[in-house]
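Peer 1: Sequence and computational prediction follow.
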Amino acid sequence: MRRHLLLPALLSPAPAFAFCGFYVSHADADLFNDSSHVVLARDGDHTTVTMANDYHGAPEEFAMVVPVPTVVKQKDISVLESKILADLDAYSAPRLAEYHDPDPCAPVVLYEIAEADMAGAVSMRAPRGMVEREEKYKVRIEAQYDIEEYNVLILSAEEGEGLQRWLRDNGYKLPAGADRILSSYIRQDMRFFVAKVDLREQQRRGLNMLRPLQVRYESDKFMLPIRLGTLNARGKQDLILHTFSRKGRVELANYRTVPMPSNLNVPTFVGDSFGEVYKAMFAEQYERYPTAGFTEYAWPLRQKCDPCVGEPLKQDLMVKLGAPWGPTEGGMLTRLHVRYDAASFPEDLRLHETADMRPHQVRLVLQHPFEGPMTCDAAPAYKSAVRERREEEARTLARLTGWSLDLIRRRLKPLGW
């Protein structure tokens, strides 16, 4: 089993779990394995958080603990279908634009191929085997809900050590140091959203995977807690964060935000290994800016994407993700990619909405040479230009990925003339 512990935390009686998943569209499916996928929609002080689960292990061992700024009500918790987040991921993912040179001996013809339910009954009694409050724990169960195939608790506590003991005594396995981080959230007057799987309900619904959970709340805090998830992670984690805002781009307030390189021509063999290339490309940027978040996509909702990898975002999808104003009313969709661990990101992510409406998407360009018969006077000049262009594309890819230029040259596809 893979052991992934990411944002904000998964606590389990067994040592195997994962949380969320992110895969770049039109690249290798498992591009970033130790990853989480979260969608935040911000409308004034109203925040909607949707969290995808990429959990590997027995469902009875799954548990998720998320710090939240208020007691979340039953009506503000939902379960979504996984396809909703998968569609959003594919829509905004890094992509290729592919062009073919025209015959230099014929009229120019240029074309492009763009690739690219609400909760159930409320039960306010404590779960069997649990106590609402004991002095030795100083923990209170503020609410308990049955949300489709999930059992949800909202906890408050007076001290991190007591909350840690309560969780452990109720079957949750916590990593060392959890009480220190739990205490910091308690000092911020945060509550704790705890979810487990109801196995009988999951089987009754015929589900074989964990569906995304969504939480809605009112708070002036626009943030994402990541510190709990770093405690027993085996290494660096990747977070893909989509945000909907009525304003402009969303950026990190307490860390640097850097746009990923885009609109660059690369060798045509990248079309067969886009996942490999983008993984190396992101790693190179991370080495340059190890304490930054990276903008992979930022697009005004009223403006048509170019190129698009799917249908434009529809209002029903935005409504489900907590952005009811819809694409026709404007606003911005931002996709941030953060690679983090406890050393490089010791603070939770604080976010802010900017007035920046400039579009940006990670877009690499493949320019295929014309390789048919050429007998006109323009042919020699065209062939020379192609050779120069291929060399520049190789140098660009070397800069983007850190790969050896000689290795890239050896991978160039031979010309047909």
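Peer 2: That came through, no problem.

Peer 1: does residue 105 count as helix, strand or coil?
Peer 2: Reduced to three states with DSSP: H, G, I helix; E, B strand; the rest coil, the structure at residue 105 is coil.

Peer 1: and the gap between residue 287 and residue 329?
Peer 2: 40 Å (C-beta to C-beta, to the nearest Å). For the C-beta atoms, the positions are set from N, CA and C on the backbone; glycine is no exception.

Peer 1: Ok, residue 339 next?
Peer 2: Here residue 339 is placed at a distance of 33 Å from residue 329 (C-beta to C-beta).

Peer 1: quick check: mean pLDDT across stretch 173-192?
Peer 2: Model confidence over stretch 173-192 averages 88 on the pLDDT scale.

Peer 1: Check which residues of that stretch are buried.
Peer 2: Taking 16 or more other C-beta atoms under 10 Å as the basis for neighbour counts, the residues of stretch 173-192 that come out buried are 173-174, 178-179, 181-183, 185-186, 190-192.

Peer 1: Pipe the residues you listed into a markdown table and attach secondary structure and distance to residue 255 per row.
Peer 2: Putting the buried residues of stretch 173-192 into a markdown table (DSSP: H, G, I helix; E, B strand; the rest coil; distance: C-beta to C-beta, whole Å) gives the following:
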| residue | secondary structure | distance to residue 255 |
| --- | --- | --- |
| 173 | coil | 30 |
| 174 | coil | 26 |
| 178 | helix | 23 |
| 179 | helix | 26 |
| 181 | helix | 18 |
| 182 | helix | 23 |
| 183 | helix | 23 |
| 185 | helix | 19 |
| 186 | helix | 24 |
| 190 | coil | 20 |
| 191 | strand | 25 |
| 192 | strand | 24 |
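
Peer 1: Tabulate those residues (TSV), appending distance to residue 48.
Peer 2: As requested, the buried residues of stretch 173-192 are exported to TSV (distance: C-beta to C-beta, whole Å):
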residue	distance to residue 48
173	30
174	28
178	27
179	30
181	24
182	24
183	28
185	20
186	24
190	18
191	17
192	19
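
Peer 1: quick one: residue 146 is in a strand?
Peer 2: Yes. Under three-state DSSP, residue 146 falls within a strand.

Peer 1: Pick out whichever of the buried residues of stretch 173-192 sits closest to residue 279.
Peer 2: For those, the residue nearest residue 279 by C-beta to C-beta is residue 181; the value is 30.1 Å.

Peer 1: Might you report the residue contacts of that closest one?
Peer 2: For residue 181, the residues meeting the contact criterion (C-beta atoms under 8 Å, 6 or more residues apart in numbering) are 160, 227-228, 231.
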